[in-house]
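Chemist: Here is a sequence with its predicted model. Questions after.
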Amino acid sequence: MGTEAEDAGVTPVDAMATLLERFAEEFAFLMPGTADGVLPVNALLMDLEQLPGIEADPIPAQAIEIARRWMDQVLDGDGFFSASTIQNLHAWHDWFLDHLLARETGRPIVPMPVQWRLGDSAVSTAVDHRPQVKESASAIPTPEGSQGPNPHFSLRLPADLELLQEFHIESLELLRSIEQSVLELESGTAGPDVVNAVFRAFHTFKGSAGFLQLEALRDFAHELESLLEEVRSGRLAVGRRVIDAILAGADALAGCIAQVGIQVSGAEPTGPIEISAGPVLTLIKRALDREPDADVAPSVSTSPQATETQPQPVSATHVERNEAVVRVDAAKLDAMVNLVGELVITQAYVLENQAQKASENLDLDYAIRKLTRITRELQHNALSMRMVPISGLFRKMSRLVRDLAASLGKQARLQLDGEDTELDRHLVEQMQDPLVHMIRNALDHGVEKSDQRIRDGKDPVATIRLSASHAHGGVLIQVADDGRGINGEALKKRALEKGLIDPRRELSDPESLALIFLPGLSTAAAVTEVSGRGVGMDVVKGHIEALRGHVGIQTELGRGTTFSIQLPLTLSQIDGFLIGVAGERYILAAAAVRECFRHESQLIASVHERSGMVSVRGRQIPLLRLANCLSLAAQTRRTDDGIVVLLETSVGTRAILVDEVLGKQEVIIKNLGDTFAKQSLITGGAILADGRVALILDAETLARQPVDGYTHAQRDLS
């Protein structure tokens, strides 16, 4: 079966030709003695270098290597195009395009100009053709070199402000890709293309730093690039020292880029930015000296012979990816979403008040229906722009698991599922700290050491599973481990010792597990740098509930634990289900409502007129009188005069009794401030079509309503 690119009819020659056409557009604006076009041309050249299988095609590979030599001379120099370089690039483009056309049509191929060639044959990967980095006052010393201060660089602000902002964003993306690729190398599942990707990332980093005259940063990236060149050429195997050196180098660069971002934003005064180069250069030297690894990582074949595979087609989507993405300031995006929300409210108000007039005027009726459709589409498109895949957040956890497991003397792997699940950008950002804390606790206190796991008949390498999926109208995130599980009795004993619960109270198994969320509770045998499971979990729970989410626990002793986090898709709007109770109107998320119906009172068993059970098609379902929960005087006294609404939640099906059902309406969620911040039943407010305000109720909190009629938000475990 062919690849997606083959099915779409896109060949490697098509991909190269498409990029060369884009080169022509950029070349038209190149001027001698200026930096205009340097970064776009370099980015296009990087796209050419990254085409799969390009290294196996000698002539294009040599042509690209020649253009790379010219661009490196520009980037490592003053950053300006010379007249001769521009002339060479124009001639190179014309020859390259003519070469591709000749191959496609079968006509004679014009040989490459002799003066361009790096040698009499195709470029040999065994020869280093990269330009040598010139010495500077801030050049990187060797590990045995100067004992003076760390190398440093300074930003040219405000002159290069826009370029530095772009450099900051691009560098963050490069560093994320480097870290993820290196972890793939360590796992032994990656091939030579991953090594090439890491090499190109450092190369791009070096080129951009050189263009901005950040010499110390450029030289440091050059050292890391040199290490990758040894691996890429097959002269150095990927081992523990190589992996550690690359990750340490990426961490040092990340620290520098963080400072660049701070200075560019104006949060701190400008000043020299130091590079923590010494320890990294020591690791690089040990790797290059072929010192033996204490723990050798899986090797990756990177010899030139191993990379000579058949060219792989590239899809048009991949080729055009840089043009298809536009970066927009997050504040501007949020402002637009808020304005669209106000537009939706106003449109609903107009529709409500003009319904009668529209029925008498066909043109007005048509216009209002068209306005409704356009407004709805605009709202959905605006909200979709804030939806991002959760993959970025998940992949950050790979490095956490690797480093923390090593520091604890344990072996663990991270398994990711559902990385393409999309979630509101704000939720993704806010979930980083809770996930980090839960994974740290799972590794420190949930996962056993390898020798213990072997004695228990388990795989010596523990598995931490991080998954995401759509469920109950929102997103379900699960953090699972195959460790020792949580002992509910041990939690209860520790809670009693600390005086956190009443010793006279009997706790069910779920309630015993819920003790883990009490402040100050830990079952760890000793205090370590990494908290034991339970320490700070009250903060995690509070953080998740502040996002209108809920967290639950499933555990089995000796088998492992799963934390399930239910979150809404977005914090800005919901498809609302309107209900009426005691003359007031409330909103539930429509995704949580399964059905509603009138019911005969004799089929309901009440407990103190507060709650009970309702029989639905032979199934007994817990029933809650919503008016009692909200402390309202219900208009409905007889159950058969009201309406039963069935809710489908993460804890099962629950029924609530209301006075009336008013229909569905998309509503914009409004924050109610600190007044409602300490409870979880009311999660916000919304302005309805008639201008009135309705409170939004959380279905998950209602589902956890106990028999005595009080919500979990109102109960205290103590």
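Modeler: Noted; the coordinates are in hand. Numbers count the residues shown, from 1 in each chain.
Chemist: And Phe394, how far from Ser154?
Modeler: 36 Å (Cβ to Cβ, to the nearest Å). (Glycine included, C-beta is placed from N, CA and C.)
Chemist: My error: substitute Ile59 in the last question.
Modeler: Distance from Ile59 to Ser154, by Cβ to Cβ: 43 Å.
Chemist: Give me the below-cutoff pLDDT ranges for the stretch 51-200 of the chain.
Modeler: Counting by pLDDT under 70, the stretch 51-200 of the chain has low-confidence residues at 114, 117-149, 189-190.
Chemist: all helices of it, in order?
Modeler: Assigned helices in the stretch 51-200 of the chain, in chain order: 58-76, 83-105, 161-187, 192-211 (criterion: DSSP state H, counting those that start in this stretch).
Chemist: elements contacting the last one?
Modeler: Put plainly, it is helix 192-211. For helix 192-211, the packing partners by 3 or more Cβ pairs under 8 Å, 6 or more residues apart in numbering; DSSP states H and E come out as helix 38-49, helix 58-76, helix 161-187, helix 215-232, helix 304-307.
Chemist: What lies in contact with the first one?
Modeler: Read it as helix 38-49. Applying Cβ atoms under 8 Å, 6 or more residues apart in numbering, the contact partners of helix 38-49 are 16, 19, 22-23, 26-27, 30, 54, 64, 67-68, 71, 74-75, 79-81, 89, 163, 166, 200, 204, 207-208, 211, 319, 322.
Chemist: Narrow those residues to those that are buried.
Modeler: Buried subset of the contacts of helix 38-49 (neighbour count, 16 or more other Cβ atoms under 10 Å): 16, 19, 22-23, 26-27, 30, 54, 64, 67-68, 71, 74-75, 79, 81, 89, 163, 166, 200, 204, 207-208, 211, 319.
Chemist: ok, back up a step: how about the helices of the stretch 51-200 of the chain, which one is nearest Asp444?
Modeler: helix 161-187 (20.4 Å; Cβ to Cβ).
Chemist: roughly how far is the closest one from the heart of the chain?
Modeler: 14 Å (Cα atoms, centre = their mean, to the nearest Å).
Chemist: do the same with stretch 473-489
Modeler: For stretch 473-489, the distance to the chain centre is 21 Å (Cα atoms, centre = their mean).
Chemist: Now stretch 272-289: buried residues?
Modeler: In terms of neighbour count (16+ other Cβ under 10 Å), stretch 272-289 has its buried residues at 273-278, 280-281, 283-288.
Chemist: again, but for stretch 22-40
Modeler: Burial within stretch 22-40, assessed by neighbour count using 16+ other Cβ under 10 Å, is assigned to 22-23, 26-27, 30, 37-40.
Chemist: got these as CSV, with pLDDT and distance to Ile464 columns?
Modeler: Listed next are the buried residues of stretch 22-40 as CSV, based on pLDDT from 0 to 100; distance: Cβ to Cβ, whole Å:
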residue, pLDDT, distance to Ile464
Arg22, 80, 43
Phe23, 82, 45
Glu26, 77, 46
Phe27, 77, 50
Leu30, 78, 51
Gly37, 78, 47
Val38, 82, 44
Leu39, 77, 40
Pro40, 79, 42
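Chemist: which of the residues you listed sit farthest apart?
Modeler: Arg22 and Val38 (15.3 Å).
Chemist: other SSEs contacting the helix or strand containing Ile368?
Modeler: For Ile368, the element it lies in under DSSP states H and E is helix 362-384. Here helix 362-384 touches helix 330-353, helix 355-360, going by 3+ Cβ pairs under 8 Å, 6+ apart.
Chemist: And Ala56, how far from Ile66?
Modeler: Applying Cβ to Cβ, the value for Ala56 to Ile66 is 18 Å.
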